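> here is the input, now give the coordinates:
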Amino acid sequence: MPRAYITYQLTNGTQVVIGANEHTIYENGSYYPNKGEKGKLFEQVVEGLFFGGEIPAQPQGK
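Residues are numbered from 1 along each chain as shown. The predicted structure is shown next:
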């Protein structure tokens, strides 16, 4: 399960929701296996943009 998601608001009024972790890519309600380093790169970009480092750990049981 991705630990972070980004929602893009498009100019036509629709949204695209994307998330990822090292093993899974999430796009608009569907999960896909990660190919290569794409999921890891997505996590690193989110960490740098929004958290200035690592994404905070999720509480147990979530």
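> just checking, what packs against the helix-or-strand element of the chain with minimal mean pLDDT?
Lowest mean confidence among the helices and strands of the chain (mean pLDDT, DSSP states H and E): helix 38-46, at a mean of 73. Judged by 3 or more C-beta pairs under 8 Å, 6 or more residues apart in numbering; DSSP states H and E, helix 38-46 is in contact with strand 15-20, strand 24-27. Yep, even glycine has a C-beta here, placed from its N, CA and C like the rest.
> in a markdown table: these, plus distance to Val46, mean pLDDT and mean neighbour count.
Formatted as a markdown table, the helices and strands packed on helix 38-46 follow (distance: least, C-beta to C-beta, whole Å; pLDDT from 0 to 100; neighbours: other C-beta atoms under 10 Å):
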| stretch | distance to Val46 | mean pLDDT | mean neighbour count |
| --- | --- | --- | --- |
| strand 15-20 | 8 | 86 | 16 |
| strand 24-27 | 12 | 82 | 16 |
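> not counting sequence-adjacent ones, nearest residue to His23?
Nearest residue to His23, sequence neighbours excluded (C-beta to C-beta, 6 or more residues apart in numbering): Asn34, at 5.3 Å.
> ok, that neighbour touching Tyr26?
No. Look at Asn34 against Tyr26 with C-beta atoms under 8 Å: they stay out of range, at 10.3 Å.
> mutual contacts of those two, please.
Common neighbours of Asn34 and Tyr26 (criterion: C-beta atoms under 8 Å, 6 or more residues apart in numbering): Ala20.
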